[in-house]
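Novice: whatever this is, show me its structure:
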Amino acid sequence: MQIKTIGLKTCFLLLIGLGIALYIGLTFSRILVPLLPIIIVILVWYITKAQRKLIKTATTPIYQISEGWIKIQGKVSAPKTFETPYFKQECIAYTYREANISYDSEDNTERENSATIKEEFQDFYLTNTTGKIKVILNKLNFAFLPSKTDTKHSIKYAVDDIRYTERTLKNGDLISVFGYAIKNSNYEFELSEQNNQPLVIATPEFEDKTKKSFKVFKYLIPYFILMYLAVNYFLFFAPVKQHIEKSTAFALFAFFGMPILGIVFAIIGAKSNGFLKNFFSGIGGICLFTSLLSFPLLCLLFMTDTNFYTIECVWASVLLCITLAFIINYRKIERAFDNE
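Specialist: Here you go, the predicted structure:
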């Protein structure tokens, strides 16, 4: 059993990090625009390392195991069971998180003040038609397992709500485990960690959704590259038209109108059928994605008093690339998720 407490120090460090990022953004805005997407890609590549390993590795039959990194899919079994603290679920391993949540009425956001994490686990077996293998757990990595969550609302003013989250592993669950196969003293193979890399545990449903998400990203990446080149062209190389007055109407539409239109069209699409459903859903997606990708750029450009003509061209580039991506790949994206 392990109990960890996350205090306000984490929030304080995050605020310092955001402050440093804002200072760099305002001071070196011209450098940050071309560098930021590259930094984001590197971060995403690093963060998704476990998912990519999981979906790229083929499942190995247990009777064909040799020493090294492998993936086994099977049903979970273990002799001992635990009961989770909040939902009282019977399981063979769990993680429990109890977080104090407060709300900011001004910007309608929630903030986590502190959290307590508790976990219990044990070694277990994976069984399928090709055999049975023991899985050695030294630490838990249940991030890819489904969670069960409940929020207990306080009736007293200025008292935090409490959110309870549990992830469990139960006897009979069908999962995939990516780990290092090594022989024990009885010359039997076991799955365990290696070089401080924890086991990757996921459900078949998670694997399927991850494969589809990466496939969709593969369809869209040429348009992200085109967008990156177009934005940098207008920021650094395109001739600038002088004496263009700033338009408050454009700023309001770009910051607020586009996301509102996206939500409206998405709702209309959800209530329609056939061609109208695809049409309105597509327009809603274009509006929402354009707002999402252009928002940080527009904030940075307006704060650094960039020429308004350049701002318009940058926003139009994002809109055009997103529109092309949706029009050309809509059917592919739809087929990727048609079974969900």
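Novice: how far off centre is the helix or strand encompassing residue 283?
Specialist: For residue 283, the element it lies in under DSSP states H and E is helix 274-303. Centroid displacement of helix 274-303 relative to its chain, using C-alpha atoms, centre = their mean, to the nearest Å, is 19 Å.
Novice: residue 68 reaches residue 181, doesn't it?
Specialist: Yes. With contact defined as C-beta atoms under 8 Å, residue 68 and residue 181 form a contacting pair (6.2 Å). Just so you know, the C-beta spots here come from the backbone N, C-alpha and C atoms, and that holds for glycine as well.
Novice: coming back round to it: does anything pack onto the helix or strand that comes right after the helix holding residue 283? Which helices or strands?
Specialist: Moving toward the C-terminus from helix 274-303, the next helix or strand (DSSP H and E) is helix 308-336. Where contact means 3 or more C-beta pairs under 8 Å, 6 or more residues apart in numbering; DSSP states H and E, helix 308-336 is packed against helix 204-236, helix 274-303.
Novice: isn't residue 82 up against residue 92?
Specialist: Yes. Residue 82 lies in contact with residue 92 (C-beta under 8 Å); the separation is 7.0 Å.
Novice: tell me which of the two has more neighbours.
Specialist: residue 92 (24 against 19; other C-beta atoms under 10 Å).
Novice: correct me, but that one touches residue 76?
Specialist: Yes. Using C-beta under 8 Å, residue 92 is in contact with residue 76, at 6.5 Å.
Novice: now do the shared contacts for these two.
Specialist: 124, 169-171 (C-beta atoms under 8 Å, 6 or more residues apart in numbering).
Novice: any of those residues buried? List them.
Specialist: The neighbour-count criterion (16 or more other C-beta atoms under 10 Å) marks 124, 169 among the shared contacts of residue 92 and residue 76 as buried.
Novice: in the chain, what spans have low per-residue confidence?
Specialist: 1-32, 104-108, 154-159, 242-243, 337-340 (pLDDT under 70).
Novice: domains of it?
Specialist: 59-202, 208-336 (automatic domain parsing).
Novice: dump these into JSON lines; add distance to residue 38 as well.
Specialist: Output for the domains of the chain, formatted as JSON lines (distance: least, C-beta to C-beta, whole Å):
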{"stretch": "domain 59-202", "distance to residue 38": "26"}
{"stretch": "domain 208-336", "distance to residue 38": "9"}
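Novice: out of those domains, which comes closest to residue 45?
Specialist: Closest to residue 45 of those, according to C-beta to C-beta: domain 208-336, at 11.3 Å.
Novice: neighbours of residue 257, how many?
Specialist: 15.
Novice: thinking again about what came up before, how about the helix holding residue 283: buried residues?
Specialist: Quick answer for helix 274-303 (16+ other C-beta under 10 Å): 280-291, 293-294, 297-298, 300-301.
Novice: what helices or strands is that helix leaning on?
Specialist: Contacts defined by 3+ C-beta pairs under 8 Å, 6+ apart place helix 274-303 against helix 8-27, helix 29-47, helix 258-270, helix 308-336.
Novice: what angle sits between the third one and helix 274-303?
Specialist: Angle, helix 258-270 to helix 274-303, by axes from the mean of the first three to the mean of the last three C-alpha atoms, to 10 degrees: 170 degrees.
Novice: give me the helices and strands touching helix 258-270, please.
Specialist: helix 274-303.
Novice: could you say which helix or strand contains residue 142?
Specialist: Applying DSSP H and E, one finds residue 142 in no helix or strand.
Novice: how about the contacts made by it?
Specialist: By C-beta under 8 Å, 6+ apart, the neighbours of residue 142 are 93-95, 167-169, 201.
Novice: hmm, which two among these are most spread apart?
Specialist: Once C-beta to C-beta is applied, the contacts of residue 142 give 94 and 201 as the farthest pair, at 12.5 Å.
Novice: shared neighbours, these two?
Specialist: In contact with both residue 94 and residue 201: 142, 169, using C-beta under 8 Å, 6+ apart.
Novice: that older thread, who's more crowded, residue 68 and residue 181?
Specialist: residue 181 (19 against 10).
Novice: and that one, how far from residue 129?
Specialist: 18 Å (C-beta to C-beta, to the nearest Å).
Novice: residue 77 now?
Specialist: Taken as C-beta to C-beta, the span from residue 77 to residue 129 is 15 Å.
Novice: which of those two has more neighbours?
Specialist: Just comparing residue 77 and residue 129: by other C-beta under 10 Å the higher neighbour count belongs to residue 77, 14 against 7.
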